[in-house]
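S.K.: Mind folding the following:
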Amino acid sequence: MSTASSPAIFDADGFLLDPRMWSESLADRIAQTDGLGTLNELQLGLLHALRREYARHGTVTALSHVCHLTGQSADCMQHLFPSPREAWRVAGLPNPGEEAKAYM
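M.R.: Sure, this is the predicted structure:
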């Protein structure tokens with residue numbers, strides 16, 4: 001996702017190196033590159049909730065809780081994204097580490 005002439009903005013696993021660089025348009029580009037198509041309102045709401053919870057706690061939050069915060073059922077993640085890991089990545093959050101990725 002980067003070129004030799006520009007600094008890398010993603011790590012080797014495709015996670016954004018600096019979450020402050022995230023925007024909805026970047027999320028949409030990531031989603032389209034990954035074959036998810038254009039993000040809808042529910043998906044964007046979930047991404048914003050993930051980002052808020054990460055800002056509050058600095059770690060992976062219980063995904064069912066994030067669904068609850070957006071007014072959706074506890075299993076909303078599996079309906080909106082191929083995997084929680086993909087949602088985390090599209091949300092522009094940093095690499096959560098191998099242990100967290102194992103249960104995402």
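S.K.: top helix in this structure by residue count?
M.R.: Of all segments of type helix in the chain, defined using DSSP state H, the longest is helix 41-57.
S.K.: Quick check: next helix or strand after it?
M.R.: Downstream of helix 41-57, the next assigned helix or strand under DSSP states H and E is helix 63-69.
S.K.: Give the other helices and strands that that next one contacts.
M.R.: helix 41-57, helix 76-80 (3 or more Cβ pairs under 8 Å, 6 or more residues apart in numbering; DSSP states H and E). No exception for glycine: its C-beta is placed from N, CA and C like everyone else's.
S.K.: out of the ones you listed, which comes closest to residue 8?
M.R.: Across the helices and strands packed on helix 63-69, residue 8 has its closest neighbour in helix 41-57 (21.0 Å, Cβ to Cβ).
S.K.: Give me the buried positions along the closest one.
M.R.: 43-51, 53-54 (16 or more other Cβ atoms under 10 Å).
S.K.: Same list (those) but as CSV, adding distance to residue 16 and pLDDT.
M.R.: Below are the buried residues of helix 41-57 laid out as CSV (distance: Cβ to Cβ, whole Å; pLDDT from 0 to 100):
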residue, distance to residue 16, pLDDT
43, 17, 96
44, 16, 97
45, 19, 95
46, 17, 95
47, 12, 96
48, 15, 96
49, 17, 95
50, 12, 94
51, 11, 95
53, 16, 93
54, 12, 92
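S.K.: what would those residues look like in a markdown table with distance to residue 81?
M.R.: Formatted as a markdown table, these follow (distance: Cβ to Cβ, whole Å):
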| residue | distance to residue 81 |
| --- | --- |
| 43 | 7 |
| 44 | 12 |
| 45 | 12 |
| 46 | 8 |
| 47 | 9 |
| 48 | 14 |
| 49 | 13 |
| 50 | 10 |
| 51 | 14 |
| 53 | 16 |
| 54 | 16 |
